[in-house]
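Student: next one to model:
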Amino acid sequence: MTDWLGLMEGTWPAAARLRVGPWIVRNGQGGGGRVSCATADAEWTDADIALAEAAHRNLGQAPMFTIREGEDRLDAALAARGYAVHDPVDLFAAPVTRLTAEAPRRLSTFPIWPMLAIMRDVWSDSGIGPERIAVMERAESPKTSILGRYDDRAAGCMFVACNGDVAFVHALHVLPRFRRQGLARDMMRGAAGWAAAQGATRVALAVTRSNDAAQALYRALGMEVVTHYHYRRHPGSDTAA
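Tutor: Numbering: from 1, shown residues only. From the prediction side, this is the model:
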């Protein structure tokens, strides 16, 4: 069985992974919940939850756990402690060939690394700031940023990185005034073309279930949900995922 979340983590890495009792606690350095969460890595008891909470606080982070498929007992234990469900996520995947069957429009996508300053500006429009840019820069696998252009202007960008034969797409953003023009579709196809050149055979990404537009796009591209997860956040936490 494919460890989708493990593969994804290799393309969107925390600054550090700490083993604390039966947990892996991630130091995200402000890069969001995905790189700042705890996951179970061994058998645990209710008393062990306090270990992860203390480790999070020592890092200056509010406690947050990722709940993967089959982790109903952990989900229930955290719920009993007042942890709220946050950002249920679907993880989509598809063969690279499904996305490369049609090429992006000419001059609509450009793989660029290191990223351009204008791309940082585009990302900042969606709240992707220096802390998340640092996550991209930490990734050690083959990677690129993709600039999307429309009407001869920088209109969108995304980050793509490979782990084994899977290329993960992260941080896809199109500026509001350029949406509904097919640019996101072009960018996904451009990403798949880049991934194929790296030897990847599959493209994957994670998207919140509440993001109806993105969900519709990925399904229209022939991508399918292969797993799902959600977070449990400590009461009062405002950590973004």
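
Student: shaky segments in this structure?
Tutor: 237-241 (pLDDT under 70).

Student: repeat the analysis, applying 80 as the threshold.
Tutor: 236-241 (pLDDT under 80).

Student: can you name every helix or strand that the biggest helix by length in the chain contacts?
Tutor: Ordering each helix of the chain by length in residues (DSSP state H) puts helix 183-197 first. Counting contacts by 3 or more C-beta pairs under 8 Å, 6 or more residues apart in numbering; DSSP states H and E, helix 183-197 packs against helix 96-100, strand 109-112, strand 143-150, strand 153-163, strand 166-174, strand 202-208, helix 212-220. Where C-beta positions appear, they are placed from N, C-alpha and C, glycine not excepted.

Student: one more pass at 7 Å, please.
Tutor: helix 96-100, strand 109-112, strand 143-150, strand 153-163, strand 166-174, strand 202-208 (3 or more C-beta pairs under 7 Å, 6 or more residues apart in numbering; DSSP states H and E).

Student: between these, which gets nearest to Ala52?
Tutor: Across the helices and strands packed on helix 183-197, Ala52 has its closest neighbour in strand 202-208 (21.9 Å, C-beta to C-beta).

Student: tell me the strands beside that closest one, with direction?
Tutor: strand 84-95 (antiparallel), strand 166-174 (parallel) (DSSP bridges).

Student: got the angle for it vs strand 153-163?
Tutor: 110 degrees (axes from the mean of the first three to the mean of the last three C-alpha atoms, to 10 degrees).

Student: hey, C-alpha coordinates of strand 202-208 in CSV?
Tutor: Once non-C-alpha atoms are left out, strand 202-208 reads as follows in CSV (Å, rounded to 0.1, in the frame of the first residue of the first chain):
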residue,chain,number,x,y,z
ARG,A,202,2.1,9.7,-10.8
VAL,A,203,1.0,13.2,-9.8
ALA,A,204,-0.6,13.8,-6.4
LEU,A,205,-1.8,16.7,-4.3
ALA,A,206,-3.8,17.4,-1.1
VAL,A,207,-6.8,19.8,-1.1
THR,A,208,-9.3,20.6,1.6
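
Student: distance between it and the chain's centre?
Tutor: 7 Å (C-alpha atoms, centre = their mean, to the nearest Å).

Student: buried ones in that strand, by neighbour count?
Tutor: Buried residues in strand 202-208, counting neighbours by 16 or more other C-beta atoms under 10 Å, are found at Arg202, Val203, Ala204, Leu205, Ala206, Val207.

Student: for the third one, which non-adjacent residue is spatially closest?
Tutor: The reference is to Ala204. Once flanking residues are discounted, Ala204 sits nearest to Ala93: 4.0 Å by C-beta to C-beta, 6 or more residues apart in numbering.

Student: same thing with the fourth one?
Tutor: Across the structure, with C-beta to C-beta, 6+ apart as the measure, the residue nearest Leu205 apart from its sequence neighbours is Val169 (4.1 Å).

Student: what do you get for the first one?
Tutor: Counting by C-beta to C-beta, 6+ apart, Val166 is the residue found nearest to Arg202 once chain neighbours are left out, at 4.8 Å.

Student: what's across from the nearest residue to Val174 once chain neighbours are set aside in the sheet?
Tutor: In space, and not counting its chain neighbours, Val174 is closest to Gly156: 3.7 Å by C-beta to C-beta, 6+ apart. For Gly156, the beta-bridge partners are Gly148, Val174 (DSSP bridges).
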